[in-house]
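> Kindly return the folded structure for what I paste below:
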Amino acid sequence: MGRAVLSQFLILSNSSPRLSSSVFCGGLRSKYLKRPGFIRHNRARNGDNGAGFRCCCSVSLSPPAAPETSSSSVRKRIVSGVQPTGAIHLGNYLGAIKNWIALQNSYDTLFFIVDLHAITLPYETQQLSKATRNTAAIYLACGVDTSKASVFVQSHVRAHVELMWLLSSATPIGWLNRMIQFKEKSRKAGDENVGVALLTYPVLMASDILLYQSDFVPVGEDQKQHLELTRELAERVNYLYGGRKWKKLGGRGGAIFKVPEPLIPPAGARVMSLSDGLSKMSKSAASDQSRINLLDPKDVIANKIKRCKTDVFPGLEFDNPERPECKNLLSIYQLISSKTKEEVAQECQDMNWGTFKTLLTDALVDHLHPIQVRHEEIISDPSYLDGVLAEGAMKAAAIADATLNNVYQAMGFLRR
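A predicted model of the protein is given here:
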């Protein structure tokens, strides 16, 4: 659940495509169940994604069916979260948090601050607690409704770490060695500066998801590989310890974990840098000029948009591959203004950059100002925020502990 984002997330609408995934493409399910390490043995025959880990995902253009919401039905569950490192920026908001508001109305939702993931790279210990509270306040300021969604801190539910250890025993080291993000970050930092947690954090991500028997996980393009590992690991544990083996130990039998489905939005999943339209907007980018932070004041937003990278082509357009910055800025305006792509294209096609930047700046300031005001109110009332997080952790723990107890039983541990 990403480096910065547990998952970059879904826009749920009738026009939103659903990324349906079939982990076992080409009829390989039976092979996997007979031989859990099949991915490695069959990669030359079945192809891989360039990192040695095959992502068997396909896109279906049909919209997802609306979940049942009657009192007699059980809502499908979605989990997601954001790391409390750096400032929450427009990419986190448009690609994730903004979409949670729609999700919470139709799904059983759990949104958490993934503070355990935040320590996989060097961090400021004095800032972690403050950043965690600030991130929770942003969730609420953006519109997450605690009467509909549980909001909590990852480390406040200890089952996350316990399940991670149990899952680690079933995770082949080769699966982790092939994770693209580990390769990239370890190469940049050097072996002496990389802790084991950077290698194993995809297992913690799997624990985050599987603990809650999640039906769907909103993810961005850069997180599909990690979610695919989660799905494979769920199937592996179900095979190794579930079914009749679990039943013989006094359990209910059947699958221990649900295998979650990925959901990816058609727009907003990858908001790009203001400095480079080919690079994702990121907390870790050296220049703050490359991103709009949610709490940036009006003058800072105006300055960043004024100085952002553009091009020399006349007019504005979405679909010219030679104009990545133009596409990115138009997409941001589309998402902020809630207009369709066609409406934005028609409105802006004859604009020059000066006119459009003023339009975009005004739209951003107008959209973010209420969030900033609400954030200040929440962060100024620590008892309210503490209560929200405590209640959310209690609700989450009830679900997580039930799953964890099943795993302990299925793996043969002495019951408490």
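> Using the three-state scheme, assign residue 87.
Secondary structure of residue 87, reduced to three states by DSSP: H, G, I helix; E, B strand; the rest coil: coil.
> tell me the contacts of it?
Listed by Cβ atoms under 8 Å, 6 or more residues apart in numbering, the contact partners of residue 87 are 283, 291, 293, 294, 295. (Glycine included, C-beta is placed from N, CA and C.)
> gap between it and residue 135?
Distance of residue 87 to residue 135, given as Cβ to Cβ, to the nearest Å: 10 Å.
> Quick check: most distant residue from the centroid of this structure.
Centroid-distance maximum for the chain: residue 248 at 36.8 Å, with Cα atoms, centre = their mean.
> And it, how far from residue 409?
Counting by Cβ to Cβ, the gap from residue 248 to residue 409 is 11 Å.
> can you check residue 351 too?
Distance from residue 351 to residue 409, by Cβ to Cβ: 63 Å.
> More neighbours: the two, which one.
Neighbours were counted for residue 351 and for residue 409 using other Cβ atoms under 10 Å; residue 409 has more, 18 against 14.
> Contact partners for the residue lying closest to the more buried one once chain neighbours are set aside?
Setting aside the residues directly before and after it, residue 409 is nearest to residue 251 in space (Cβ to Cβ, 6 or more residues apart in numbering), at 5.2 Å. Residues near residue 251 by Cβ under 8 Å, 6+ apart: 406, 409, 410.
> can you list those residues in CSV and add secondary structure?
Below are these laid out as CSV (three-state DSSP):
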residue, secondary structure
406, helix
409, helix
410, helix
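> Would you format these as TSV with pLDDT and distance to residue 375 included?
Below are the contacts of residue 251 laid out as TSV (pLDDT from 0 to 100; distance: Cβ to Cβ, whole Å):
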residue	pLDDT	distance to residue 375
406	97	39
409	97	43
410	98	43
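> Need the worst-confidence member of the contacts of residue 87.
Within the contacts of residue 87, residue 283 has the lowest pLDDT, namely 87.
> Name the helix or strand for that one, please.
Using DSSP states H and E, residue 283 sits within no helix or strand.
> Can you report how many residues lie near it?
19.
> Quickly note the distance from it to residue 219.
Applying Cβ to Cβ to residue 283 and residue 219 gives a distance of 18 Å.
> hmm, back to that, can you tell me which of the contacts of residue 251 is nearest residue 187?
Minimum separation from residue 187 among the contacts of residue 251 (Cβ to Cβ) is found for residue 410, which lies at 37.8 Å.
> which stretches of the chain have low pLDDT?
Along the chain, the parts satisfying pLDDT under 70 run over 1-73, 181, 183, 185-186, 188-193, 221-223, 265-269.
> try 80 this time
Counting by pLDDT under 80, the chain shows low-confidence ranges at 1-73, 179-194, 219-226, 264-270, 416.
> the strands in it, which residues?
For the chain, the strands defined by DSSP state E cover 77-82, 108-113, 149-153, 216-218, 261-263.
> can you put those in CSV and add mean neighbour count and distance to residue 308?
Output for the strands of the chain, formatted as CSV (neighbours: other Cβ atoms under 10 Å; distance: least, Cβ to Cβ, whole Å):
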stretch, mean neighbour count, distance to residue 308
strand 77-82, 27, 23
strand 108-113, 25, 29
strand 149-153, 24, 32
strand 216-218, 27, 27
strand 261-263, 23, 30
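> Now render the ones you listed as TSV, adding distance to residue 395.
Shown next, in TSV, are the strands of the chain (distance: least, Cβ to Cβ, whole Å):
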stretch	distance to residue 395
strand 77-82	12
strand 108-113	8
strand 149-153	5
strand 216-218	19
strand 261-263	22
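> Compare those strands and give me the one nearest residue 374.
Of those, nearest to residue 374 by Cβ to Cβ is strand 149-153, at 14.3 Å.
> send the alpha carbons of that closest one over as CSV?
Output of strand 149-153 as CSV, limited to C-alpha atoms (Å, rounded to 0.1, in the frame of the first residue of the first chain):
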residue,chain,number,x,y,z
ALA,A,149,-15.8,4.7,7.7
SER,A,150,-13.3,3.6,10.3
VAL,A,151,-10.2,5.8,10.6
PHE,A,152,-7.3,4.5,12.6
VAL,A,153,-3.5,4.3,12.9
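> residues contacting the closest residue to residue 246 other than its chain neighbours?
Closest residue to residue 246 apart from its sequence neighbours, by Cβ to Cβ, 6+ apart: residue 410 at 4.2 Å. Counting by Cβ under 8 Å, 6+ apart, residue 410 makes contact with 241, 242, 245, 246, 249, 251, 256.
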